[in-house]
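A.B. asks: sequence unknown, structure follows:
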């Protein structure tokens, strides 16, 4: 922390003047605010805008940064009562760890975008698990590293950097004579001088690297991502707030001018990180909470206006024919058009799901919901078609083959969209619905994983030969592996062209046992739940986005 070097020595008397009371009050109030915000995040963790964030990572980053900031804020009151060794470990652990966790959290945008990009691939090639064994040769490890995408490599680098930071801090602590009499370099100094020197520099490198190198790099990588959650704006705000921290800390701690000595007496050097730390905490906690509030207001307003619109339309139906034209004009002029209705959403899902899927995946990061609805729609349609004309299929003579085939495809849907252990981004459904589906498909899903680990990964047995798979507009994708990159969708150059989940050749063996309670209605509750989620969250944003786009193009 190196915060109290110019306030007093280790045996100075504590201070509790007006400034100390102000610092203490600020610490208490902001702590209550942060704890309240964290509690609201946990309480609303099932909301889409919070669910896409790694909540444990968010709270861990905020916790480390907040503890460090509180210890800095009370340094004035302590008047040098912090032992130099305690300051060293606070500075070397809490600040680097908090910044590292925040760095990892800032990569969440790229990570989520990568998952959604893979989900769009799943519209062409359903669920191919990326499972690995437990033992590998050195060559296999190198191959695995080459297959990692930029996000995964960056997260690995952050973790490795923290390990190095802890080891380096321990080595400095054990070898410097400022902290140990048996050290091998530097000299024993007074408590105030102990808080200066090269021993403190490694701990500040995380903040310096984040604000001047890593954050600008992340902003450059996400420059083409235009999500509705304003993630890029959040990172930009944090970057600007963190830029002055490290330069001002160096200037305050190592400058011997009278001006800096006077400033340091009341504003300890480590408090120059306050703007950055407070901004990171506020952005991380309150941006998603604000989005929850706006989403709920939009939902309530939309449902209210749709109800008013429906009531108005129903009342006009009973009026004389001479007033029909007037009523239609009034209805069409209402500021909540029929396109916001559930019927309009159902029609879009049936006739043009690709447009809604691209919006959900690229902007709201909820593409898994649309893909699941598409899979279930095709699965149900196939089942109904079998019931109408069984003689069209080679296996139609045995009804049990119908059930087994439909069960195999249902397991594929469950594994790719529902199962928390196998789906890359599982749909958000109620726990009871999830438990019911796990009871029905859980054992078969484990069998599917074992088959996939054995290399039995066949898919799309009846896609015509030579089907043109589109290529991505970038040579190397940021968020998918090089192998997958050549199959990625290009949103700008290629129209969405999906294939039914029924085109997949299941990886389950014929020996799989079909439960007696399996029927065409097994996904009904999950489908209803997901449709409600899409209708109240994704659909109004999609309509508003389409309206803005149409307005811009018409100018």
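C.D. replies: Received it, and whenever you're ready, just let me know what you need. Keep in mind that what you see is a predicted model, and the values were worked out from it rather than measured. Numbering: from 1, shown residues only.
A.B. asks: only C-alpha atoms for contact and neighbour calcs from this point on.
C.D. replies: Fine.
A.B. asks: can you list the low-confidence ranges for the stretch 51-200 of the chain?
C.D. replies: Residues of the stretch 51-200 of the chain that meet the criterion pLDDT under 70 lie in 80, 121-140, 147, 149-151, 190-192, 195.
A.B. asks: where does the closest residue to residue 285 other than its chain neighbours fall, secondary structure wise?
C.D. replies: If the residues on either side of it in the chain are set aside, residue 285 comes closest to residue 37, at 6.1 Å by C-alpha to C-alpha, 6 or more residues apart in numbering. In this structure, residue 37 sits in helix 18-43 according to DSSP states H and E.
A.B. asks: roughly how far is that helix from the heart of the chain?
C.D. replies: Between the centre of helix 18-43 and the centre of its host chain there is 26 Å, according to C-alpha atoms, centre = their mean, to the nearest Å.
A.B. asks: return the set of buried residues in that helix.
C.D. replies: Residues of helix 18-43 classed as buried by neighbour count (16 or more other C-alpha atoms under 10 Å): 20, 23, 24, 27, 34, 37, 38, 41.
A.B. asks: hang on, the earlier thing: model confidence for the residue nearest to residue 285, exactly?
C.D. replies: Among the per-residue scores, residue 37 holds a pLDDT of 95.
A.B. asks: contact partners for it?
C.D. replies: Remark: with contacts taken as C-alpha atoms under 8 Å, 6 or more residues apart in numbering, residue 37 is in contact with 285, 286, 289.
A.B. asks: for the host helix or strand of the first one, packing partners?
C.D. replies: Take DSSP H and E as the rule and residue 285 turns out to sit in helix 274-317. Helix 274-317 sits against helix 18-43, helix 48-51, helix 55-73, helix 231-242, helix 245-254, helix 324-332, with contacts defined as 3 or more C-alpha pairs under 8 Å, 6 or more residues apart in numbering; DSSP states H and E.
A.B. asks: so which of these gets nearest residue 171?
C.D. replies: Using C-alpha to C-alpha as the measure, helix 55-73 is the one of the helices and strands packed on helix 274-317 that comes nearest residue 171, at 21.9 Å.
A.B. asks: just want the angle from the closest one to helix 18-43.
C.D. replies: Our comparison of helix 55-73 with helix 18-43, counting by axes from the mean of the first three to the mean of the last three C-alpha atoms, to 10 degrees, yields an angle of 170 degrees.
A.B. asks: just the buried residues of stretch 505-519, please?
C.D. replies: Applying 16+ other C-alpha under 10 Å to stretch 505-519 flags 505, 506, 507, 508, 514 as buried.
A.B. asks: coming back round to it: can I get the helices and strands packed on helix 274-317 in TSV including distance to residue 154?
C.D. replies: Compiled in TSV, the helices and strands packed on helix 274-317 are given as follows (distance: least, C-alpha to C-alpha, whole Å):
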stretch	distance to residue 154
helix 18-43	26
helix 48-51	22
helix 55-73	15
helix 231-242	17
helix 245-254	23
helix 324-332	52
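A.B. asks: what about the strands in the chain?
C.D. replies: Remark: strands of the chain are absent; assignment by DSSP state E.
A.B. asks: where do the domain boundaries of it fall?
C.D. replies: Residue ranges of the domains in the chain are recorded as 18-285, 338-463+499-554, according to automatic domain parsing.
A.B. asks: how long is the first one end to end?
C.D. replies: From its first residue to its last, domain 18-285 covers 30 Å (C-alpha to C-alpha, to the nearest Å).
A.B. asks: next one: that domain to chain centre, how far?
C.D. replies: What separates the centre of domain 18-285 from the centre of its chain is 18 Å, taken as C-alpha atoms, centre = their mean.
A.B. asks: likewise stretch 360-380?
C.D. replies: 18 Å.
A.B. asks: taking the mean pLDDT, what do you get for that stretch?
C.D. replies: On average, the pLDDT along stretch 360-380 is 89.
A.B. asks: for that stretch, buried residues please.
C.D. replies: Buried residues in stretch 360-380 (16+ other C-alpha under 10 Å): 360-380.
A.B. asks: restricted to helices, list these.
C.D. replies: In helices, defined here by DSSP state H, the members of these are 367-380.
A.B. asks: got TSV for the buried residues of stretch 505-519, with distance to residue 62 and pLDDT too?
C.D. replies: What follows is these, written out as TSV (distance: C-alpha to C-alpha, whole Å; pLDDT from 0 to 100):
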residue	distance to residue 62	pLDDT
505	46	73
506	44	74
507	44	74
508	45	80
514	48	86
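A.B. asks: if we can go back for a sec, average model confidence for the helix holding residue 285?
C.D. replies: In this model, helix 274-317 carries a mean pLDDT of 82.
A.B. asks: before we move on, what about stretch 384-391?
C.D. replies: Mean predicted lDDT for stretch 384-391 stands at 62.
A.B. asks: with stretch 535-542 instead?
C.D. replies: Across stretch 535-542, pLDDT averages out at 87.
A.B. asks: hmm, who's touching it?
C.D. replies: 295, 299, 302, 340, 342, 345, 356, 359, 360, 364, 366.
A.B. asks: ok, 6 Å please
C.D. replies: Applying C-alpha atoms under 6 Å, 6 or more residues apart in numbering, the contact partners of stretch 535-542 are residue 299.
A.B. asks: ok, stretch 51-59 next?
C.D. replies: The contact list for stretch 51-59 (C-alpha under 6 Å, 6+ apart) reads residue 45.
A.B. asks: returning to that earlier point: tabulate the domains of the chain (TSV), appending distance to residue 306.
C.D. replies: Below are the domains of the chain laid out as TSV (distance: least, C-alpha to C-alpha, whole Å):
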stretch	distance to residue 306
domain 18-285	23
domain 338-463+499-554	7
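A.B. asks: closest one to residue 307 among these?
C.D. replies: Between residue 307 and the domains of the chain, the shortest separation by C-alpha to C-alpha is 9.5 Å, and it involves domain 338-463+499-554.
A.B. asks: and that closest one, how far out from the chain middle?
C.D. replies: Centroid separation between domain 338-463+499-554 and its chain, computed with C-alpha atoms, centre = their mean, is 22 Å.
A.B. asks: quick check: pLDDT value at residue 267.
C.D. replies: At residue 267, the predicted lDDT confidence score is 89.
A.B. asks: same thing with residue 466?
C.D. replies: Predicted confidence (pLDDT) for residue 466: 30.
A.B. asks: what stretches of the stretch 451-555 of the chain score poorly on pLDDT?
C.D. replies: Counting by pLDDT under 70, the ranges of the stretch 451-555 of the chain that qualify are 451-499, 547-555.
A.B. asks: which of the ones in helices among the buried residues of stretch 360-380 sits closest to residue 523?
C.D. replies: When those are ranked by distance to residue 523 (C-alpha to C-alpha), residue 376 comes first, at 7.2 Å.
A.B. asks: separation between that closest one and residue 68?
C.D. replies: Distance check for residue 376 against residue 68: by C-alpha to C-alpha, it reads 50 Å.
A.B. asks: how about residue 90?
C.D. replies: As it turns out, when the distance is counted by C-alpha to C-alpha, residue 90 lies 7 Å from residue 68.
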